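I'll drop the sequence and a predicted model, then ask my questions.
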Amino acid sequence: MKKVLHKLVHAFIPHPHNDYRPHAFRHRMLSIYSLGLILSQFAFGLAYYTGPANVNDAQLAKNIVDLTNQSRTASGLGVVSGNTALEKAAYAKLTDMFQKNYWDHVSPTGTEAWYFIDSQGYDYKYAGENLAKGFYDANSVFNAWMGSSTHRANLLDNKHKDIGVAVGTGELDGKQTTIIVQLFGSQRAIAQAPAPVSVTQPVPAVPPVVNPPVANTAPVETPVPELTPTPVAPIQTPASPEIIKKAELKETIPNNNKLNIPLFRIKNATMPQKAPYLALWGIVLFLVMFDYSMLRRLGIHKLKPHRVHFGSAVALSMLLFLILIMSVASIA
């Protein structure tokens, strides 16, 4: 037992007997660690990328809607209903991003997300947008969205009543990738004009004319009743829909910020599978540089074996980093 403990200390703890360079953290071992991480990335990558070319866009969009409603139900919220206008708006935004080669809530020409919603005739009171790139299954993208507070707020916003999701694969920045656009909305209530009020004008009864007796030759004045007009209640004209619309806009959407766009931008790795690898890569790179500093301190950093091992460790760690960022999935 003591022998095993001694080896562990010698391998992992800096002390004078290992020149303060634990064997497990020397350049040769760090190169092996980097190579192992690279091979595991290729192994998992092959398993992960066997199906992107056969992504069923319609099924993926449906699964995202189902996961959204499951999460909303679990949170005690009402489900959102699929809306054709929002689906068309999502596809229009998707097409625009591929055609203009951008991936953001605002296009390079300044076209904002609500333009696509308005263009489909969806008169919204509240709206929201979530974007994703590089995801090929519903669970991964949904978990990434739920892991971001701003995207989660869109998913679980009780004001949202409708949903539209578009999924498409195309070329962006010279690489084939899949983009997902998720739009939420709540339509503005249409003011209904009240039915016209019909007022019936009463017709006064006219008393019969009494003929005087023949013997009386004096003219008899026939009383004529005075007709007092019945006051007619004025018909209330409803406010025009445009006035109502502007009033609601100012009250419910201050500063015309009509779209609930997440402020959180992720331009780097967000796929859960990548995060542990990036953390390990950071640790390996730190140990590589730490071991090099110890070599310099001992004055042996110029010896050929150490230079070769150090160069190999740095090269493999850089290769690992490039592999990790080549196929990064992102949300916005």
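Yep, it's here. Quick caveat, the model's predicted, so the values are computed rather than measured. Numbering: from 1, shown residues only.

Could I get the contacting residues of Y292?
Y292 makes contact with H27, H301, F310, according to Cβ atoms under 8 Å, 6 or more residues apart in numbering. Glycine gets a C-beta too; all of them are placed from N, C-alpha and C.

tally of neighbours for the closest residue to the second one other than its chain neighbours?
Counting by Cβ to Cβ, 6 or more residues apart in numbering, the nearest residue to H301 once its immediate chain neighbours are dropped is L295, at 3.8 Å. L295 has 20 neighbours, counted by other Cβ atoms under 10 Å.

tell me which residues in stretch 27-37 are buried?
Neighbour counts using 16 or more other Cβ atoms under 10 Å place H27, M29, L30, S31, Y33, S34, L37 of stretch 27-37 among the buried residues.

ok, the fourth one touching V314?
No - between S31 and V314 there is no contact, the gap being 9.1 Å when judged by Cβ atoms under 8 Å.

before we move on, the earlier item: in contact with the residue nearest to H301: list those residues for me.
Applying Cβ under 8 Å, 6+ apart, the residues contacting L295 are R21, H301, H306, F310.

P108 versus that one, what's the distance?
Between L295 and P108 the computed distance is 49 Å (Cβ to Cβ, to the nearest Å).

any chance of the contacts of Y292 in CSV, with distance to Y124 and secondary structure too?
Listed next are the contacts of Y292 as CSV, based on distance: Cβ to Cβ, whole Å; DSSP: H, G, I helix; E, B strand; the rest coil:
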residue, distance to Y124, secondary structure
H27, 59, helix
H301, 64, coil
F310, 59, helix
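
Can I get those in TSV including distance to D157?
Shown next, in TSV, are the contacts of Y292 (distance: Cβ to Cβ, whole Å):
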residue	distance to D157
H27	52
H301	57
F310	53
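
of all the residues you listed, which comes closest to L287?
Closest approach between these and L287, by Cβ to Cβ: H27, at 9.0 Å.

What residues does that closest one make contact with?
V288, D291, Y292, H306, H309, F310, S312, A313.

I'm done for today, thanks for sticking with me.
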